[in-house]
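Enquirer: Sequence and predicted structure are below.
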Amino acid sequence: MKLNFSFPLPFLFALAIFISSCQDSQKLPILGPREAVSVKNEDGSMGVDTLYQTIPAFRFLNQDSVYITNDQFKDKIYIADFFFTSCTTICPTMHRNMKSIFEKYKDNPEVMYLSHTIDFKYDKPSVLKKYAQKLGVDGNKWQFVYGSKDSVYKLAERNYLVAVMEDTTARDGYIHQGWLVLIDKQKRIRGAYDGTDPKQVEQLTKDIPVLLAEDKK
């Protein structure tokens, strides 16, 4: 089931989509909480810099029953999402659209994908393995990961800014937002796109080379 909220987060993401669509080759916005910090300049004077929220260190089991960490994504940009294999609502559409992006950039070593299951009861690595194989993306480039409820849910809501929860009244037992979250090489959120909306998925596809170009300048 798709989760909708009245808090400003969806508006923030929608605004980012609009901004990025107007920027062409310019830099993408940096999303999420930020704070001003005092820094010492090279000439000894004091200045102010902006400290952005980043994705913290993590350690999860992947579809091959191997622990992976954020080290696997060093010097990469990646698209992250939250799903579960028995989802019959938004997940199939999300991953069908995500696979189209995967196919477009599958030969680019700087682009990866990270899908976190929110079904901590059923989606063990062997289940994720079958899911990846059925989707046709089983390999190191697209990681499907399993972790405890606490570790995955906190990471989703506090760091990726994606709402997830168990709900026994929901059709499949869980509800979550369908954002595809674009992360840069500095672990910052640079965009979030509704994975069920073709126009937003198309925008994500266009924003990937914009983000890659930042490190080439």
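Expert: Here it is on my side, so go on.

Enquirer: Nearest the middle, which residue of the protein would you pick?
Expert: Averaging the C-alpha coordinates of the chain gives a centre point, and the residue nearest to it by C-alpha atoms, centre = their mean is Ala80 (2.3 Å).

Enquirer: Tell me where this structure has strands.
Expert: Listed from the start of the chain, the chain has strands (DSSP state E) covering 34-40, 46-52, 59-62, 67-69, 77-83, 111-117, 142-146, 164-166, 174-176, 179-183, 189-194.

Enquirer: quick one on the thing from earlier: could you give the bridge partners of the residue nearest to the centre of the chain?
Expert: According to DSSP bridges, the residues that bridge with Ala80 are Leu114, Val181.

Enquirer: Tell me the spacing between it and Leu180.
Expert: Between Ala80 and Leu180 the computed distance is 8 Å (C-beta to C-beta, to the nearest Å). Bear in mind the C-beta positions are built from the backbone N, C-alpha and C, glycine included.

Enquirer: Switch the strands of the chain over to JSON lines; also include mean pLDDT and distance to Tyr131.
Expert: Converted to JSON lines, the strands of the chain look like this (pLDDT from 0 to 100; distance: least, C-beta to C-beta, whole Å):
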{"stretch": "strand 34-40", "mean pLDDT": "67", "distance to Tyr131": "35"}
{"stretch": "strand 46-52", "mean pLDDT": "71", "distance to Tyr131": "33"}
{"stretch": "strand 59-62", "mean pLDDT": "98", "distance to Tyr131": "12"}
{"stretch": "strand 67-69", "mean pLDDT": "98", "distance to Tyr131": "16"}
{"stretch": "strand 77-83", "mean pLDDT": "98", "distance to Tyr131": "9"}
{"stretch": "strand 111-117", "mean pLDDT": "98", "distance to Tyr131": "9"}
{"stretch": "strand 142-146", "mean pLDDT": "98", "distance to Tyr131": "7"}
{"stretch": "strand 164-166", "mean pLDDT": "94", "distance to Tyr131": "18"}
{"stretch": "strand 174-176", "mean pLDDT": "93", "distance to Tyr131": "15"}
{"stretch": "strand 179-183", "mean pLDDT": "98", "distance to Tyr131": "17"}
{"stretch": "strand 189-194", "mean pLDDT": "97", "distance to Tyr131": "22"}
